[in-house]
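K.L.:
need coordinates for the following:
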Amino acid sequence: MKSLIKWYFRKIKHFGQKRRLISLLVRFEQEILNNPSSSEALVELLAENNFYSEIKRPYYQKLMYFEEKYHSEMIKRYIDFCSK
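P.N.:
Modelled structure (predicted):
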């Protein structure tokens, strides 16, 4: 997913489109994190994308519930990254 996002950003020429895409990604992340029944794969994808993109989201604490639920190493690594 990370490479797909980078490819898309390279293709976008208009700044407003980038802003809309980022806004859409943030809303998608919020929907995933606000739903306690979100799948492990989706939550890990979110954490992995932000971890490898070195993006610290202010709402990373919401991932603690999922880390406890799924005992995921990727989610734990992202939480550790954000808390530093």
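
K.L.:
ok, Met64 - contacts?
P.N.:
Counting by C-beta atoms under 8 Å, 6 or more residues apart in numbering, Met64 makes contact with Ile79. Yep, even glycine has a C-beta here, placed from its N, CA and C like the rest.

K.L.:
run the last query once more with 10 Å
P.N.:
Listed by C-beta atoms under 10 Å, 6 or more residues apart in numbering, the contact partners of Met64 are Ile75, Lys76, Ile79.

K.L.:
swap in Arg57?
P.N.:
Contacts of Arg57 by C-beta under 10 Å, 6+ apart are Val26, Glu29, Gln30, Leu33, Leu46, Ala47, Asn50, Leu63, Tyr78, Cys82.

K.L.:
nearest residue to the first one in space, ignoring adjacent ones along the chain?
P.N.:
If you skip the residues right next to it in sequence, Val26 has Arg57 as its closest partner in space, 7.8 Å away by C-beta to C-beta, 6 or more residues apart in numbering.

K.L.:
three-state assignment of that neighbour?
P.N.:
Of the three states, Arg57 takes coil under DSSP: H, G, I helix; E, B strand; the rest coil.

K.L.:
can I get the contacts of Met64 in a markdown table with neighbour count?
P.N.:
Below are those laid out as a markdown table (neighbours: other C-beta atoms under 10 Å):
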| residue | neighbour count |
| --- | --- |
| Ile75 | 25 |
| Lys76 | 16 |
| Ile79 | 19 |
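
K.L.:
right, I'll call it a day here.
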